[in-house]
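A.B. asks: Please find the sequence and the predicted model below.
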Amino acid sequence: MGQQEFGKAVLEAFIARGDTIAGVFCIPDKPGTKPDALRADAQALGLQVFTFASLRSAEAAAAMRSLDADLGIMAYVLQFAPQEFVNIPRFGTIQFHPSLLPRHRGPSSISWPIALGAKETGVTVFRPTDGLDEGPVVLQKSCDIGPDETLGELYFNKLFPLGVAALLEAADMVTQGRHVEHLQDEAQATYEGWMHEDECRIHWASPLEHVYDLIRACNPAPGAWTELAGVKVRVYDCRKHAVGHFVPGGHKPGDIAAVTEHSILVWSQGGVIEILKLRPEGGAKTGAGEFARQRGLVISSGALAARGFPALR
């Protein structure tokens, strides 16, 4: 049960090691969108594919019972799966979540640890219950979050392969009776919702580290945003420069501090963010220097150099 590239990778990993896939459950494709990667792959492999608008329906439960499956695997499932559905397979169902539960329950659980400045995250395989990401834990794997790592880098380089491997390992543990289920500690639990527009807005008066972490947490999607030269832009690649006492006052957070050939520097609390890549609303991603030239932003970087700021190239 799942969707997108992660669901496809999990499906193929189980097939590659010789497991038999009884059936695949996917969300229905939305009109005008390309076919879901998991669904397209499963159909190409000749597997039995189900696309129910809801897994709460009697039809979905009947379909699961008809498969006579040993184990249900939930690999990135956004549909609610009730207990009467997930308990049908002989050994029940296990679910993947990309955080170290009970921390960061919810749908944007990869983004929030980065945005909040965490140094570590990981993946959890747990038993789904009717509560959101609240079931007993079967297996966890942790990984570090690099100081400059973006959402995309963390997911594709670490959490994606770690998650596939964890589901394979947990499936063996459960079907062989080797697993121990640990109840989540509710006193340690946190929940964060989707990273939507309000959450992705850059507040330049925040400390430099907070601004930098938010931009990393939204790169490549949905993109942290601000306004530059009167245009709403989403900010992607950037660097931070803590300048502290080397630069006197007189610059408000959000002001453009300098423009170089390849970047735009914006004041935050305690330093500047050097924007390297952005996307103006309605446009394509572009270099920040090119955007500055198109909008006539010509503030010299020499102003910073005169105040002892490191040379910028």
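C.D. replies: Yep, that arrived.

A.B. asks: buried sites along stretch 136-150?
C.D. replies: 137-141, 143, 145, 149-150 (16 or more other CB atoms under 10 Å). The C-beta positions use only the backbone N, C-alpha and C, and glycine is treated the same way.

A.B. asks: can you give me the end-to-end distance of it?
C.D. replies: 30 Å (CA to CA, to the nearest Å).

A.B. asks: ditto for stretch 116-127
C.D. replies: Taking CA to CA, stretch 116-127 runs 27 Å from one end to the other.

A.B. asks: Ok, stretch 127-144 next?
C.D. replies: Using CA to CA, the two ends of stretch 127-144 sit 25 Å apart.

A.B. asks: does the closest residue to residue 186 other than its chain neighbours sit in a helix, a strand or a coil?
C.D. replies: Spatial nearest neighbour of residue 186, excluding adjacent residues (CB to CB, 6 or more residues apart in numbering): residue 102 at 6.8 Å. Following DSSP: H, G, I helix; E, B strand; the rest coil, the label given to residue 102 is coil.

A.B. asks: quick one: pLDDT of residue 102?
C.D. replies: pLDDT for residue 102: 98.

A.B. asks: give the contact list for residue 124.
C.D. replies: Listed by CB atoms under 8 Å, 6 or more residues apart in numbering, the contact set of residue 124 reads 96-97, 99-101, 137, 139-140.

A.B. asks: Could you give the secondary structure assignment for residue 142?
C.D. replies: Residue 142 - assigned by three-state DSSP - is strand.

A.B. asks: where does the spatially closest residue to it that is not a sequence neighbour fall, phi/psi-wise?
C.D. replies: Of all residues not flanking residue 142 in the chain, residue 122 sits nearest, at 3.7 Å (CB to CB, 6+ apart). When read as degrees, to the nearest 10, the backbone of residue 122 gives phi 170, psi -160.

A.B. asks: Pull the most distant pair out of the buried residues of stretch 136-150.
C.D. replies: Farthest pair in these (CB to CB) is 138 and 150. Separation: 29.2 Å.

A.B. asks: can you put the contacts of residue 124 in CSV and add distance to residue 186?
C.D. replies: Formatted as CSV, the contacts of residue 124 follow (distance: CB to CB, whole Å):
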residue, distance to residue 186
96, 21
97, 16
99, 16
100, 15
101, 11
137, 13
139, 20
140, 17
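
A.B. asks: and which of those is nearest residue 172?
C.D. replies: Nearest member of these to residue 172, counting by CB to CB, is residue 139, at 10.1 Å.

A.B. asks: re earlier: of all the buried residues of stretch 136-150, which comes closest to residue 88?
C.D. replies: Nearest to residue 88 among those, with distances taken as CB to CB, is residue 138, at 18.1 Å.

A.B. asks: The closest one reaches residue 170, doesn't it?
C.D. replies: Yes - assessed by CB atoms under 8 Å, residue 138 is found in contact with residue 170 at 4.9 Å.

A.B. asks: Okay, the residue nearest to residue 285 when sequence neighbours are not counted and residue 185: tell me how far apart.
C.D. replies: Nearest residue to residue 285 in three dimensions, chain neighbours excluded: residue 279, at 4.6 Å (CB to CB, 6+ apart). To residue 185, residue 279 is 41 Å away according to CB to CB, to the nearest Å.

A.B. asks: From the neighbour counts alone, determine which of those two ranks first.
C.D. replies: The neighbour comparison of residue 279 against residue 185 (other CB atoms under 10 Å) goes to residue 279, with 17 against 11.
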